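Visitor: Could you work out the structure for the sequence below:
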Amino acid sequence: MSRWLIATMTSILFIALVIAVTGFEALLADVEVISQPDATPYLGPAMVLAGAVVVFLATAVGARDGNPGVTGLVAAATAYLVMLGVGAVGYALVRGDVTELLVFPAGYALGPFVVGSVVVALLCVVGGIAMSRHQAKAAEVPAATGDDGARR
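Guide: Numbering: from 1, shown residues only. Below is the predicted model of the structure:
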């Protein structure tokens, strides 16, 4: 399977898992994803899509070479910064206030939405790279001559 296909499937899995995790957070802990009432309904999804782009690129690059754990940690840190950056810029544009570039990330830096998304990004990237490596190793193993696949 192509590394680009694996990266696409991993980023879609990331989006689906973030939706599930934030849904359970909202249900069990009674917290909203974005608590500002004047934020648009597109701010949270924009943050998740930015994180999905990071997951896509990290999986595509890491599938070719690199350590899955290190690549996953770098992707998680990058997703954390990108999600906070997109949220800060988006909310600052909605409010028309430059100070929100600092206030928004400070309010959401340790919030369950961003932290949960970062954990999901880490798991998705490590899993996607591990799957890619496993398939590459399975493709390299040559079949023994005369082996019809039946085990006796």
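
Visitor: mind listing what's buried in the lowest-mean-pLDDT helix or strand in the chain?
Guide: The helix or strand of the chain with the poorest confidence is helix 112-140; it has a mean of 89 (mean pLDDT, DSSP states H and E). Of the residues in helix 112-140, 112-114, 116-118, 120-122, 124-129, 131-132 count as buried by neighbour count, 16 or more other CB atoms under 10 Å. Every C-beta, even on glycine, is put in place using the N, C-alpha and C of the backbone.

Visitor: Could you do stretch 56-68 as well?
Guide: Buried residues in stretch 56-68 (16+ other CB under 10 Å): 56, 58-63, 68.

Visitor: returning to what we had before: report all helices and strands that the least confident helix or strand of the chain contacts.
Guide: The contact analysis (3 or more CB pairs under 8 Å, 6 or more residues apart in numbering; DSSP states H and E) places helix 112-140 against helix 3-29, helix 43-64, helix 68-95.

Visitor: quick one: the spatially most central residue of the chain and residue 56, what's the gap?
Guide: Taking CA atoms, centre = their mean, the centroid of the chain lies closest to residue 121, which sits 3.1 Å from it. Residue 121 sits 11 Å away from residue 56, going by CB to CB, to the nearest Å.
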